[in-house]
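Student: based on what follows, work out the 3D shape:
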Amino acid sequence: MSQEFGGVPIALPKSRSIYAVVVAVLLAFLLFYYYYGSLLTILLLFTITSFCLYYLQDMLLYHPDLPANSRIYVPIPKMHNLPHESVSIHTPDKVTLHAFWVSQPKERSKAVPTFVYFHGNAGNMGHRMQNIWGIFNHLHCNILMIDYRGYGFSTGVPSEKGLSLDARAVIDYLYTRNDLDHTKIVLFGRSLGGAVVIDVAADTVYSQKIMCAIVENTFTSIPEMAVELVHPSANLIPRCCFKNKYLSSWKIGKCSVPFLFISGLADNLVPPRMMRTLYMKCGSEQKRILEFIGGAHNDTWIMDGYSKFQATIKVFINS
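Tutor: Residues are numbered from 1 along each chain as shown. So this is what the prediction gives:
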C-alpha cells in the first residue's frame, strides 16, 4: 500500500504501479508496430523477452529473502549455546561477507578439522544452526559459517561468478588465522552450496588448500535442473542462454581431493540420480557415497537420528 510522509506520497500502490507499466509497454508496442511494421515488432518483442528472462534467472535461483526478514535478522550461534566470533571477509571485488567462526576451545582448535559450511539457496546461515550444533558437538571440529554475497548481512548481489569469488576469499581468510590446522580444512556444501564446493575442489590452486570435500543433495547443473523443474523442452535451450550454469557434472571430473557424497533418495527437488552421476564422474581416487532411503532435500542429515550421518562423516575424515 502507499505510504505518506508529511502528507507527501512516497510510494504508489503496487497493483497500480504494475498496471501503469503494463499499459505503457502495450502503448509503446502499438506505436512501434504502427511506424515499423509487424516483423520488427516481433523481433523487438523477442529481444526484450529474452533479455528479461535471462536476468530473471537470478530471481528464480537465489532466494536470500525467504523466509521473510532473512536479510535483516540472522540467528546467532549463541542461541544454540555455541561459542562464536562474528567476522567480516573481504573479496577481491570489494564485497564484504558476514561469517561466524565457531571454534573448539583454544587448546583443541589446532588439533581438529575445520569445516567451511556453504548453505543452500534460501535464507541465511543462521537458519542452519541446528545442523551446525550437531556437527560441532558430534564431530568436535571448528566451523566457519558464511553468507554468500546478497545473503544475510553480506553486501553485493548473488551470481555464479560472485559465489565462486566468495568461496575462495573464505579459504584465503582461513589461512590468515593461526588458531587452526590449515592442513585439515573440510568444505561442506548442501544443495547450491554443493555446487560451490565442487567449483573450488576443481580448482588446481585451491584444491591444494583443502583436505577433503563433502556435498549433500546437490545437482549436476542448472540447465539439467531446468529440465526437471520447468519442462523437458528446456533441454533444447543452448547453454549460453543460462546466466547461471554451475556445471558440476563437468567440473567433478577435475576433482582429485577425497570426496563424500550424501544423498537423500526421497529428495523431490534434486533427483537422487544426479548425486549418483556426480559420484560416478568424480575424478578422486578416494570417494564414497552415502544414501538415505527416507532422506528428503532438506532433512537427509537428520535421518536415523543423525547418528549414521555424523558417524559416516567422522570415518571419512579420519580415513
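Student: which residues of the stretch 51-200 of the chain fall in helices?
Tutor: Here the stretch 51-200 of the chain has its helices, by DSSP state H, counting those that start in this stretch, at 106-109, 129-139, 160-174, 192-201.
Student: which strands or helices does the next helix or strand after the last one pack on?
Tutor: I take that to be helix 192-201. Counting by DSSP states H and E, the next helix or strand C-terminal to helix 192-201 is strand 212-216. Secondary-structure packing of strand 212-216 (3 or more CB pairs under 8 Å, 6 or more residues apart in numbering; DSSP states H and E): strand 185-190, helix 192-201, strand 259-264, helix 307-318. In this view, the C-beta of every residue, glycine as well, is placed from N, C-alpha and C.
Student: with Ser38 as the reference, name the closest of these.
Tutor: Taking CB to CB as the criterion, helix 192-201 is the member of the helices and strands packed on strand 212-216 that comes nearest to Ser38, at 42.3 Å.
Student: show me what contacts the residue lying closest to Ile146 once chain neighbours are set aside?
Tutor: Computed as CB to CB, 6 or more residues apart in numbering, the closest residue to Ile146 that is not its neighbour in sequence is Ala99, at 4.4 Å. Contacts for Ala99 (CB atoms under 8 Å, 6 or more residues apart in numbering) come out as Ser86, Val87, Ser88, Ile89, Met125, Leu144, Met145, Ile146, Asp147, Val170, Tyr173.
Student: gap between Ala99 and Ile132?
Tutor: When CB to CB, to the nearest Å is the yardstick, Ala99 and Ile132 sit 12 Å from each other.
Student: overlap in contacts of the two?
Tutor: Any residue near both Ala99 and Ile132 by CB under 8 Å, 6+ apart counts here, and that gives Met145.
Student: for the helices of the stretch 51-200 of the chain, give me JSON lines that also has distance to Asp93, mean pLDDT and mean neighbour count.
Tutor: What follows is the helices of the stretch 51-200 of the chain, written out as JSON lines (distance: least, CB to CB, whole Å; pLDDT from 0 to 100; neighbours: other CB atoms under 10 Å):
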{"stretch": "helix 106-109", "distance to Asp93": "30", "mean pLDDT": "92", "mean neighbour count": "11"}
{"stretch": "helix 129-139", "distance to Asp93": "28", "mean pLDDT": "93", "mean neighbour count": "18"}
{"stretch": "helix 160-174", "distance to Asp93": "6", "mean pLDDT": "98", "mean neighbour count": "19"}
{"stretch": "helix 192-201", "distance to Asp93": "16", "mean pLDDT": "98", "mean neighbour count": "26"}
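Student: can you redo those as TSV with distance to Lys209?
Tutor: Listed next are the helices of the stretch 51-200 of the chain as TSV, based on distance: least, CB to CB, whole Å:
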stretch	distance to Lys209
helix 106-109	18
helix 129-139	20
helix 160-174	5
helix 192-201	9
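Student: first-to-last residue distance for stretch 198-207?
Tutor: 10 Å (CA to CA, to the nearest Å).
Student: show me how far it is from its chain's centre.
Tutor: For stretch 198-207, the gap between its own C-alpha mean and the chain's C-alpha mean amounts to 16 Å (CA atoms, centre = their mean, to the nearest Å).
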